[in-house]
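Novice: Compute the structure for the input listed below.
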Amino acid sequence: MLALPATAQTVASFHMVQRIDEMLVGVDAIALDVVDRDHVAGTYFLVHALRPSPLVGYANYVVDCRTPQRIAILNSVMPSGRLEPEQPFVQPPRRSGRTDLTNLVFEPVHTMDGTAMVAQFSCEASGAPGRAAQIAAELAARGSPPDSRSLYCRMKPDAGRAERRVEVRYSVAENAVAVNGQWLSSGFVAGDEVVFGTGAQWRVDTRKRQARLLRDNGRQLFKGDCDDRP
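Specialist: Okay, here's the model as predicted:
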C-alpha cells in the first residue's frame, strides 16, 4: 500500500483510493453526505505523490450509487498543463444546504480520471464509515473495472537492476493499464497486446504470455515470460 503524503494528512480524513502516474486521488471521508438512498455527495482531492505540497486540485461531487454508478461534478479546481510546486491551493468551498439533484448532469465514471474509485468509495464508505480506511486501502490496491484481468510477468524495469515479477492489470472496456497497482496514462490495450511506457515501451502479449521491452526503433531490450498466477 502506498504511504499517504504528509500534506494530504492535513485534509480531514483524506483516504487515498487510487494512484494514476504520480497523482494520488483521495476522498475526504468526513465530507461524505448521504443525500438520499441512492445519492452521496462528497469532495475528492488530487495530490502529487512526489510533491505533496501544495494539494493540486479538488472536486465537489454527487454520486448516483445505482448500477452503473454515475457522477455529477458540482464545482472543481483541476490541473491543466504543467503543475508547478509553487502553485497555490485554494481550499474547496464546503457544500451548504440541501443538495438539489434535479438540475445535476450525471456522467459515467471512469478508471483513468479517478471517478470510478471515488464513486465506489463514496457509496461503500458512506454506509460503513468505520470501515472507510479499509475500503480505501482495498480500492488503492485492487480496485479495477469489472472486466479487468491480470498477468504476472518477469520484467527488468531499469538497466543494471535485477529482474522481478510484476503484475500487469488491464481492462479492455476502459482501455486502462495498471502496473503493480499504479494506473498509467501511457497504457492502452491493442488487440492481444497490453502496451505501456514512454521512451522504451513494454508490450505484453496476452496470448503468447510474454513481455518485451522495445526501443522506439524496434530494438528488443528485454524479454520475459508471463502467467496468470500471482
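Novice: Only C-alpha atoms from now on, for both contacts and neighbour counts.
Specialist: Fine.
Novice: Identify all contacting residues around the strand or helix carrying Val62.
Specialist: Taking DSSP states H and E as the criterion, Val62 maps to strand 57-64. Contacts to strand 57-64, defined as CA atoms under 8 Å, 6 or more residues apart in numbering, come from residues 38-47, 69-79, 89, 92, 95, 106, 119, 122-123.
Novice: Can you pull out the low-pLDDT segments for the chain?
Specialist: Residue ranges of the chain with pLDDT under 70: 1-13, 52-54, 79-97, 157-160.
Novice: Domains in it, by residue range?
Specialist: Per the record, the chain has its domains at 7-142, 149-227, by automatic domain parsing.
Novice: Just the buried ones from the contacts of strand 57-64?
Specialist: Using 16 or more other CA atoms under 10 Å as the burial test, those include 39-47, 69-74, 76-77, 92, 95, 106, 119, 122-123 as buried.
Novice: any chance you could map the helices in this protein?
Specialist: Using DSSP state H, the helices found in the chain span residues 115-125, 132-142.
Novice: Residues in a beta bridge with Asp64, which ones?
Specialist: Beta-bridge partners of Asp64, counted by DSSP bridges, are His39, Arg70.
Novice: Look up which residues are beta-bridged to the nearest residue to Trp183 once chain neighbours are set aside.
Specialist: Computed as CA to CA, 6 or more residues apart in numbering, the closest residue to Trp183 that is not its neighbour in sequence is Ile20, at 4.6 Å. Using DSSP bridges, the bridge partners assigned to Ile20 are Met23, Trp183.
Novice: and Ile20, how many neighbours does it have?
Specialist: 20 (other CA atoms under 10 Å).
Novice: That one is in contact with Gly187, isn't it?
Specialist: No: with contact defined as CA atoms under 8 Å, Ile20 does not reach Gly187; the gap is 10.8 Å.
Novice: quick one: contacts of stretch 116-130?
Specialist: Residues from elsewhere that reach stretch 116-130 (CA under 8 Å, 6+ apart): 17-18, 25-27, 29, 32-34, 39-42, 44, 63, 65, 69-71, 109-111, 131-132, 135-136, 139, 143.
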